[in-house]
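Student: Sequence and computational prediction follow.
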Amino acid sequence: MSRFPRYYTPLQKLGALSLSSSAYMVLAFLMLPIIIIIPLSFNAEPFFTFTDGMLALDPEAYSMKWYAEILSDDKWILAIQNSFFIGICATIIATFFGTLAAVGMSHSDMPFQRAIMALLLSPMIVPLIITAAGMFFFYTQLNLAGSYLGIIIAHAVLGTPFVIITVNAALAGFDYSLVNASQGLGAKPTYTFFKVVMPLIRPGVISGALFAFVTSFDEVVVVLFMAGPEQRTIPRQMFSGLREQISPTILAVATLLVIVSALLLLTIEYLRSRAERIHSGEL
Amino acid sequence: MSAHLSIEEIAHSQKQLRRKKLKLFAFTLPLLCFVTLAFLAPIATMLYRSVYNPSVSQLIPKTLVQMEQWKTVSGKMPPAEVLTTFSLELRELAISRESGKLAEEVNRVIPGSSSLVKSSARKIKRLSVEALTEGQGQQLLALHKKWNNPLLWSGIKAQGSVWTDRYYLTATDLTRNQMGEIESRDTQIYLKLYWRSLRIALLITLLTAILAFPLAYYLANTSAKKANILLVFVLLPFWTSLLVRTTSWIALLQTNGVINSTLQFLGIINQPIEMLYTEFATIISMTHILLPFMVLPLYSVMKSIDPSYFRAALSLGSKPMPAFFKIYFPMTLPGLSAGALLVFIISIGYYITPALVGGTDGQMISNIIAFHMQSSNNWELAAALSSLMLGVIILLYWIYDRFVGINNIKLG
């Protein structure tokens, strides 16, 4: 028992042991449901559970057919295209507006800072069902319901709070005298923004953009209310799949999405460590 | 300082500051406009819709104007001229094929009167304007005995007012009786759902707190390298699509799902337990989905707590338990309250997961809003239910901003 300090009493050792074991149990609770769908997606039978053959590790019991099914189904192909198209467009809009606003918001001289901040972050707080209901009424009157533009605008609004938060964090401790210096030396405002401000806040902007993309990529309630059959996205397709006929194709899609989110997580963590190095002056 | 500045200089510096503020405001203006148009305006129109109800007053405007003099409380029939005007307007509606709309609206106050209005409209269409004017509404009264009921007319009058609190009354299980007094309904539907949503949200908040506490404590007190690796296991679920996590809970909880098969294989149970489509399914899957929102703020607060305070309490002779609750626990409260408010706010308005795994007894208020939007087409009631929920959320948001600070939300 060299893991514990020597002065620990048996009771303290027991306490530390039960703490670490309960921590690992909670981690298992977090991870197991996500991990379990990966082997299930290779099930040769159309079930959501492990067959006897799978448990016996019989190669016959495993198959890639659900992955092949995704590629052969026009609905899934359309959904994948839609998700990326809507997500990328919404991300561009959200990142542009959000970054611009965060530059103003992060300055201590900003008037009504707190109230405006609460307003700008409200799309993140208001329950999606309320947002979706309100948007459905409003966008229908503007003939935007059932159109790509309507969904893109809705998703862009939902993504902006995340951009503001991450860019704001990147701007914390930003030295505004750099802007004054740049302008004093004759640089135009846009030049100052792209050549002085942007390089320093880039990690924040990129991670904000990733958050905005994930928000759109994962969003289903607004799509459920506003999108026509033409604008079905991956989560929308999964939702109807789970409601109507449960097929392991959904598990295959889910496995692919887990891989996508793992990649996103790695990117975000890389950006964060980079941002930390920028702040500590290493870069 | 300012004592040494001349008035002109002060004015100049103030002007400079104003210009600077204006410039900063100009940066936020595009987003402010965008959020107002694309997000706040839709929500505001929805709130407006929950109290604004112009359809009947557009269908039978003249009848409603004449009805203003007539007291509904009197229990008497409206005067003959009202009946005449109504007959004429009903005839016009029948000709322009809009009587169905009126039937639907009247049916909302007095259930079962939809067919009455529709069939009467069909019959009255055949009569001429002159005959109806002369008949003083007698033709209408002769069509069906229900037209002789003053309650039907007071219902039409109530539905005819442009501004209404009716949807809010329905949303809180209240109704107006024949005398116009507010009384509670016999069967509670919506209040029950509100309470259930609150109860489920509270339970989820409590469960996430209980689960997150030991994990966050362990992460905060282990070596930085190990904590960083373990944090990935908290962040990966956080980044994984909500639909994916709901899918895995369906796979786990199904009758022939992973949990039931495992328990049967181990011989713990003989019959599969029905877990999917219950309140239990809603609670456990939402706890799983929202757990990272509790772990992350708790972890960031616990990491900043100096462990020497706790050790000092121990070395000064305190027992571990009292030292923990009196010294360590109060210092974790900022993280705990931030996480709890966040989890509570998110869970009270949750829609997707209860809709997919909740069955009937795992439904929350969001699900009934969606039902009234999509299936029953009672948009006004959906709007009233939404605005009541929005009130609760705004209150919580305000508390969060006051005590935690909306600027302190951290991601990842």
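Tutor: Structure's in. What do you need? Numbering: from 1, shown residues only, chains lettered A, B, ... in the order given.

Student: which stretch of helix or strand covers the residue in the stretch 1-150 of chain B that chain A sits nearest to?
Tutor: Residue nearest to chain A within the stretch 1-150 of chain B: B:F27 (3.0 Å; C-beta to the nearest C-beta). (Each C-beta comes from the backbone N, C-alpha and C, glycine too.) Using DSSP states H and E, B:F27 maps to helix B:7-35.

Student: Other residues contacting the helix or strand following that helix?
Tutor: The first helix or strand that comes after helix B:7-35 along the chain, using DSSP H and E, is helix B:41-51. Helix B:41-51 has contacts (C-beta atoms under 8 Å, 6 or more residues apart in numbering or on different chains) with A:126, A:130-131, A:133-135, A:137-139, B:163-165, B:167-168, B:379-380, B:383-384, B:386-387, B:390.

Student: at 6 Å instead, please
Tutor: With contact meaning C-beta atoms under 6 Å, 6 or more residues apart in numbering or on different chains, helix B:41-51 is reached by A:G134, A:M135, A:F137, A:F138, B:W163, B:Y167, B:E380, B:A383, B:A384, B:S387.

Student: can I get those residues in a markdown table with pLDDT, secondary structure and neighbour count?
Tutor: Formatted as a markdown table, the contacts of helix B:41-51 follow (pLDDT from 0 to 100; DSSP: H, G, I helix; E, B strand; the rest coil; neighbours: other C-beta atoms under 10 Å in any protein chain shown):
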| residue | pLDDT | secondary structure | neighbour count |
| --- | --- | --- | --- |
| A:G134 | 93 | helix | 26 |
| A:M135 | 95 | helix | 30 |
| A:F137 | 87 | helix | 20 |
| A:F138 | 93 | helix | 22 |
| B:W163 | 86 | strand | 9 |
| B:Y167 | 87 | helix | 23 |
| B:E380 | 88 | helix | 23 |
| B:A383 | 93 | helix | 29 |
| B:A384 | 94 | helix | 28 |
| B:S387 | 92 | helix | 22 |
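
Student: Kindly indicate which of the residues you listed lies nearest A:P46.
Tutor: In terms of C-beta to C-beta, no member of those lies closer to A:P46 than A:M135, at 36.7 Å.

Student: so who does the closest one touch?
Tutor: A:A154, B:P42.

Student: change it to 8 Å
Tutor: So A:M135 contacts A:G150, A:A154, A:V222, A:F225, A:M226, B:A38, B:F39, B:P42 (C-beta under 8 Å, 6+ apart).

Student: Do I have it right that the fifth one meets A:Y139?
Tutor: Yes. Using C-beta atoms under 8 Å, A:M226 is in contact with A:Y139, at 6.1 Å.

Student: any common contacting residues for the two?
Tutor: Common neighbours of A:M226 and A:Y139, counting by C-beta under 8 Å, 6+ apart, are A:A145, A:G150, A:A154.

Student: Just these: which are in helices?
Tutor: Judged by DSSP state H, the shared contacts of A:M226 and A:Y139 include A:G150, A:A154 as members of helices.

Student: which one of the shared contacts of A:M226 and A:Y139 has the most neighbours?
Tutor: Top of the shared contacts of A:M226 and A:Y139 by neighbour number is A:A154, holding 30 neighbours under the definition other C-beta atoms under 10 Å in any protein chain shown.

Student: thinking again about what came up before, would a markdown table of the contacts of helix B:41-51 with distance to B:T262 be doable?
Tutor: Below are those laid out as a markdown table (distance: C-beta to C-beta, whole Å):
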| residue | distance to B:T262 |
| --- | --- |
| A:G134 | 44 |
| A:M135 | 43 |
| A:F137 | 47 |
| A:F138 | 48 |
| B:W163 | 58 |
| B:Y167 | 48 |
| B:E380 | 48 |
| B:A383 | 45 |
| B:A384 | 45 |
| B:S387 | 45 |
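
Student: of all those residues, which two lie farthest apart?
Tutor: Farthest pair in these, by C-beta to C-beta: A:M135 and B:W163, 24.2 Å.

Student: so who does the residue in the stretch 51-200 of chain B that chain A sits nearest to touch?
Tutor: Residue of the stretch 51-200 of chain B nearest chain A, by C-beta to the nearest C-beta: B:S197 (10.5 Å). Each residue near B:S197 by C-beta under 8 Å, 6+ apart is listed here: B:I348, B:M364, B:I365, B:S366.

Student: element containing it?
Tutor: In this assignment (DSSP H and E), B:S197 forms part of helix B:190-221.

Student: And that helix, what's buried?
Tutor: Within helix B:190-221, the residues that qualify as buried are B:190, B:193-194, B:196-198, B:200-201, B:203-205, B:207-209, B:211-221, counting by 16 or more other C-beta atoms under 10 Å in any protein chain shown.

Student: following that helix, which helix or strand shows up next?
Tutor: Heading C-terminal from helix B:190-221 (DSSP H and E), you reach helix B:224-239.

Student: wait, what's in contact with whichever residue of chain A sits closest to chain B?
Tutor: Among all residues of chain A, A:P127 sits closest to chain B, at 2.3 Å; criterion: C-beta to the nearest C-beta. A:P127 sits next to B:I348, B:G349, B:Y350, B:Y351, B:S366, B:M389, B:L390, B:I393 when contact means C-beta under 8 Å, 6+ apart.

Student: from the residues you listed, which single one is nearest chain A?
Tutor: When the contacts of A:P127 are ranked by distance to chain A (C-beta to the nearest C-beta), B:G349 comes first, at 2.3 Å.

Student: shouldn't the closest one be in contact with A:I130?
Tutor: Yes. B:G349 lies in contact with A:I130 (C-beta under 8 Å); the separation is 6.8 Å.

Student: so what's in contact with the two at the same time?
Tutor: Both B:G349 and A:I130 are contacted by B:M389, B:I393, under the criterion C-beta under 8 Å, 6+ apart.

Student: now the helices: where do they sit in the stretch 251-400 of chain B?
Tutor: Taking DSSP state H, counting those that start in this stretch as the test, the helices found in the stretch 251-400 of chain B are B:258-265, B:279-304, B:307-315, B:320-323, B:329-348, B:352-357, B:365-374, B:379-403.

Student: Model confidence for residue 119, exactly?
Tutor: Reading this off chain A. A:L119 is assigned 92 on the pLDDT scale.

Student: Chain B, not that one
Tutor: pLDDT, the model's per-residue confidence, is 88 for B:S119.

Student: in the helix or strand hosting it, what's buried?
Tutor: Here B:S119 sits within helix B:114-124, counting by DSSP H and E. Residues of helix B:114-124 classed as buried by neighbour count (16+ other C-beta under 10 Å): B:S114, B:L116, B:V117, B:K118, B:S120, B:A121, B:K123, B:I124.

Student: neighbouring contacts of it?
Tutor: The contact list for helix B:114-124 (C-beta under 8 Å, 6+ apart) reads B:87, B:90-91, B:93-94, B:99-100, B:102-104, B:106-107, B:132, B:139-140, B:143-144, B:146-147.
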